[in-house]
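J.: Structure for this input, please:
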Amino acid sequence: MRGALVSLAFALAVLIVAPAHTVSAAPSSGTTVIALQQEQAPDQKIDITVQRPGGVAWYRNPVWIAIGILAIIVVLLLIVMVAKGNDTTVIRQ
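T.: Below you'll find the predicted structure:
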């Protein structure tokens, strides 16, 4: 019940705070509406270029560096495990 009351209070707060939609009246027949428009000079050129880092090799990417470090650690652990695995002692009676 407490959750429903909190939800209703929140919805009421949103309705109160939300701005009301205003409807603008149409201009009367005696007035004219002037729209201001920014004029662009004809000699201006808009050029959008995306600069991508060129010439960066894949091995300089930090993700591949981290993968390489993890691979080296795994290989070293395998070598250590193989080296320690040969030290077993068998006792026969």
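J.: hey, let's count contacts and neighbours off CA atoms from now on
T.: Fine.
J.: can you tell me which helix in this protein is longest?
T.: helix 62-85 (DSSP state H).
J.: And the contacts of that one?
T.: Trp58, Tyr59 (CA atoms under 8 Å, 6 or more residues apart in numbering).
J.: I'd like the average pLDDT over it.
T.: Averaged across helix 62-85, pLDDT comes to 92.
J.: In this protein, mark out all the helices, start to finish.
T.: 2-17, 62-85.
J.: export the ones you listed to TSV and tack on distance to Ile91?
T.: Formatted as TSV, the helices of the chain follow (distance: least, CA to CA, whole Å):
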stretch	distance to Ile91
helix 2-17	71
helix 62-85	17
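J.: Can I get the ones you listed in a markdown table including mean neighbour count and distance to Arg92?
T.: Converted to a markdown table, these look like this (neighbours: other CA atoms under 10 Å; distance: least, CA to CA, whole Å):
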| stretch | mean neighbour count | distance to Arg92 |
| --- | --- | --- |
| helix 2-17 | 10 | 73 |
| helix 62-85 | 11 | 19 |
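J.: now for those helices, which one comes closest to Gln44?
T.: helix 62-85 (41.0 Å; CA to CA).
J.: With only the CA atoms kept, save that closest one in PDB.
T.: The C-alpha coordinates for helix 62-85 follow below in PDB (Å, rounded to 0.1, in the frame of the first residue of the first chain):
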ATOM      1  CA  PRO A  62      45.900  -1.700 -25.400                       C
ATOM      2  CA  VAL A  63      43.400  -4.600 -25.700                       C
ATOM      3  CA  TRP A  64      45.900  -6.700 -27.600                       C
ATOM      4  CA  ILE A  65      48.700  -5.800 -25.200                       C
ATOM      5  CA  ALA A  66      46.500  -7.000 -22.300                       C
ATOM      6  CA  ILE A  67      45.700 -10.200 -24.200                       C
ATOM      7  CA  GLY A  68      49.400 -10.800 -24.800                       C
ATOM      8  CA  ILE A  69      50.300 -10.200 -21.200                       C
ATOM      9  CA  LEU A  70      47.600 -12.700 -20.100                       C
ATOM     10  CA  ALA A  71      48.900 -15.200 -22.600                       C
ATOM     11  CA  ILE A  72      52.400 -14.900 -21.300                       C
ATOM     12  CA  ILE A  73      51.200 -15.400 -17.700                       C
ATOM     13  CA  VAL A  74      49.300 -18.600 -18.700                       C
ATOM     14  CA  VAL A  75      52.300 -20.000 -20.600                       C
ATOM     15  CA  LEU A  76      54.600 -19.300 -17.600                       C
ATOM     16  CA  LEU A  77      52.100 -21.000 -15.200                       C
ATOM     17  CA  LEU A  78      52.000 -24.000 -17.500                       C
ATOM     18  CA  ILE A  79      55.800 -24.300 -17.500                       C
ATOM     19  CA  VAL A  80      55.900 -24.000 -13.700                       C
ATOM     20  CA  MET A  81      53.200 -26.700 -13.300                       C
ATOM     21  CA  VAL A  82      55.000 -29.100 -15.700                       C
ATOM     22  CA  ALA A  83      58.300 -28.500 -13.900                       C
ATOM     23  CA  LYS A  84      56.800 -29.200 -10.500                       C
ATOM     24  CA  GLY A  85      54.900 -32.200 -11.700                       C
END
